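Student: Everything below, folded, please.
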Amino acid sequence: MTKKFIYQVVLAGAIAWGLTSCTKDLDRTPITEATSASVYKDFSNYKAILAKLYGGFSVTGQVGPTGSPDISGIDEGTSSYIRGYFQMQELPTDEAVMAWNDGTIQDFHQMDWTPDDNFINAMFARLFYQIAQCNEFIRQTSDDKLSSNGIAEKDRETAHTFRAEARFLRALSYYHAMDLFGSVPFVTDSNEVAYYNPNQISRADLFAYVERELVAIEGDMVDAHANEYGRADKACVWGLLAKLYLNAEVYTGTARYTDAVTYSSKVINSGYTLANSYANMFKADNNVTSESELMLTANFDGTRTQTYGGTTYLIHAAVGGSMNAANFGVNSGWGGLRATSAFVDLFSDITGATDKRAMFYTEGQNREIADLGTFTDGYAITKWSNRTSKNTDGSNSTFVDTDFPLMRLAEMHLTYAEAVLRGGTGGSTSQAVTYINDLRQRAYGNTSGNITAAQLTLKFILDERGRELYWEGHRRTDLIRYGLFTGASYVWPFKGGVPAGAAVGDFRKLYPIPTTARVANPNLKQNDGY
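Tutor: Numbers count the residues shown, from 1 in each chain. As a prediction, this is how the structure comes out:
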């Protein structure tokens, strides 16, 4: 699917039906002029509605960039799925800090957030809005519903594929909810559409549910690298299983590293290939230059998906100080996001070679951070851009064209290597070294950055994940898996609100269930420590 297509139809999906964003009522009957009963009798509507599900990762409402938001109670741009996920995954880590004083945004890096945090509440609401949207589509595409709606036999196979994709998207959002919040409210398509308080599912039970869903839909998904750009395929199912199994010990207490080896191998051998250029994967034409590696993307288009979240946020917010916004294809810098010196240190490479992934702007920037609120404290990151690989601007200087990789092949190389080192069977250290060196040869432009088997350690892999995947929404999860997120074993500037960094309580490994959600739904129990 070209990114133009998916967002030409996304508004049609939005018009077709929508759900309110109340976190208490996760499965409210759609309230629109055209009811589900009428919309689903016409099969030509189905792809437009599916596009709305994919668009849930990118757009924030029915109009864009503002005016008819999905989520109420917060500025629409800050309710973006990708913006919210980035803030919760990156700002509490060594990879990113924010200069702004908007609301409670500084609480993320200082790691002193509370259940009343409006940004956490918005992400919680966004997750369950997305899940509710998927639930309704899945309900309406069951065999019984297809039959009762008079959908022709020739269209039912396509409907089954669409349904499997919706189940995948629901599983992905439940995975994010499990990772961020642990035990969460749980509703599926099997629940009746009614006003009620959903029960809470344990983290371990949600893990098992996501696993079952992914295994169940595999056969109905389009073959790997055979779907339209921006849509999920079998490799995405395998990739999410690999992510699930790599973190299984955190989520359930039981390690599943052999399964992580198995499923990351399936992705690596599925037909996806590493893109030629690291930098081009984060530019305005990455759907063209990097399609071979980007397994699943949140698609953005400066004309059709106008939002102040997503990659519009990532690019504008990373520009400030003496940086020229035009060099990034945008009309202004918002002077917000930078990196800590601890992250910069990851590029003091063991080989002594120059890593081209070290994309920092240093002119006028202090390496060390004295004040979180000062943009020139901390090196700026130049990874994201609204310029193309041919050095032309994106289609709009405010709203960008750059797609966000929700899943890409390089992560599977790193997953394989870590799972092997952690004792997963079915792989080999020599193959792990090869997979890692594939990434490093792209990063260095030659073999000067290659490592040996003796240099492949768990610490090296964590650092390599930082170098390869930074600002893509992985770091918090990685640091938790390595036991480094909360304690004193690893600190970075302003961790715990202290300039030199300090340990915080282990309860911070999970975010709190928002107060607003608990008030609305008395069935929800708060996470320990909050």
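
Student: roughly how far apart are Ala164 and Leu172?
Tutor: Using C-beta to C-beta, to the nearest Å, Ala164 is found at 13 Å from Leu172. Where C-beta positions appear, they are placed from N, C-alpha and C, glycine not excepted.

Student: That should have said Gly182, apologies.
Tutor: Counting by C-beta to C-beta - Gly182 and Leu172 are separated by 17 Å.

Student: So if I had to pick from those two, which one is more boxed in?
Tutor: Higher neighbour count among Gly182 and Leu172: Leu172, with 24 against 21, using other C-beta atoms under 10 Å.

Student: Was I right to think the more buried one contacts Leu241?
Tutor: No - using C-beta atoms under 8 Å, Leu172 is not in contact with Leu241, being 11.4 Å away.

Student: buried ones in whichever strand or helix holds Asp144?
Tutor: According to DSSP states H and E, Asp144 maps onto helix 143-148. For helix 143-148, the neighbour count (16 or more other C-beta atoms under 10 Å) marks 145-146 as buried.

Student: residues in contact with it?
Tutor: 40, 139, 156, 159 (C-beta atoms under 8 Å, 6 or more residues apart in numbering).

Student: Apply 6 Å and report the result again.
Tutor: Contact with helix 143-148 is made by 156, 159, as judged by C-beta atoms under 6 Å, 6 or more residues apart in numbering.

Student: So for Leu34, what's the pLDDT?
Tutor: Just to correct that, residue 34 is Ala rather than Leu. Note on Ala34: pLDDT of 54.

Student: Just the buried residues of the helix or strand Lys154 falls within, please?
Tutor: Using DSSP H and E, Lys154 sits in helix 153-181. Buried residues in helix 153-181, counting neighbours by 16+ other C-beta under 10 Å, are found at 156, 159-181.

Student: which helices and strands does it pack with?
Tutor: Counting contacts by 3 or more C-beta pairs under 6 Å, 6 or more residues apart in numbering; DSSP states H and E, helix 153-181 is packed against helix 46-55, helix 118-140, helix 203-217.

Student: how about the CA coordinates for the last one, as PDB?
Tutor: Think helix 203-217. Extracted C-alpha coordinates of helix 203-217, given in PDB (Å, rounded to 0.1, in the frame of the first residue of the first chain):
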ATOM      1  CA  ARG A 203      -0.100  -9.200  32.700                       C
ATOM      2  CA  ALA A 204       0.700 -12.900  32.300                       C
ATOM      3  CA  ASP A 205      -2.800 -13.700  31.000                       C
ATOM      4  CA  LEU A 206      -2.600 -10.800  28.500                       C
ATOM      5  CA  PHE A 207       0.700 -12.200  27.300                       C
ATOM      6  CA  ALA A 208      -0.900 -15.500  26.700                       C
ATOM      7  CA  TYR A 209      -3.800 -13.900  24.900                       C
ATOM      8  CA  VAL A 210      -1.600 -11.900  22.600                       C
ATOM      9  CA  GLU A 211       0.400 -15.000  21.900                       C
ATOM     10  CA  ARG A 212      -2.700 -17.000  21.000                       C
ATOM     11  CA  GLU A 213      -4.100 -14.300  18.800                       C
ATOM     12  CA  LEU A 214      -0.900 -14.100  16.800                       C
ATOM     13  CA  VAL A 215      -0.500 -17.800  16.300                       C
ATOM     14  CA  ALA A 216      -4.200 -18.100  15.400                       C
ATOM     15  CA  ILE A 217      -4.100 -15.400  12.600                       C
END
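
Student: Now the element after that helix, going C-ward?
Tutor: helix 234-246.

Student: Tell me the gap between that next one and the middle of its chain.
Tutor: 14 Å (C-alpha atoms, centre = their mean, to the nearest Å).

Student: again with stretch 372-381
Tutor: 24 Å.

Student: measure the residue nearest to Gly253 when sequence neighbours are not counted to Ser397 for me?
Tutor: Nearest residue to Gly253 in three dimensions, chain neighbours excluded: Ala204, at 7.5 Å (C-beta to C-beta, 6 or more residues apart in numbering). Remark: distance between Ala204 and Ser397 (C-beta to C-beta) = 47 Å.

Student: Then Val215?
Tutor: On the measure of C-beta to C-beta, Val215 and Ser397 end up 45 Å apart.

Student: same deal with Trp471?
Tutor: From Trp471 across to Ser397, the span is 21 Å (C-beta to C-beta).

Student: ditto for Thr452
Tutor: Taking C-beta to C-beta, one finds Thr452 at 46 Å from Ser397.

Student: More neighbours: these two, which one.
Tutor: Using other C-beta under 10 Å, the more surrounded residue of Thr452 and Ser397 is Ser397, with 16 against 8.

Student: Assign a three-state SS to that one, would you?
Tutor: The assignment at Ser397 comes out as coil when based on DSSP: H, G, I helix; E, B strand; the rest coil.

Student: Am I right that it is in contact with Asn331?
Tutor: Yes - judged on C-beta atoms under 6 Å, Ser397 makes contact with Asn331 at a distance of 4.0 Å.

Student: No further queries at this time; thank you.
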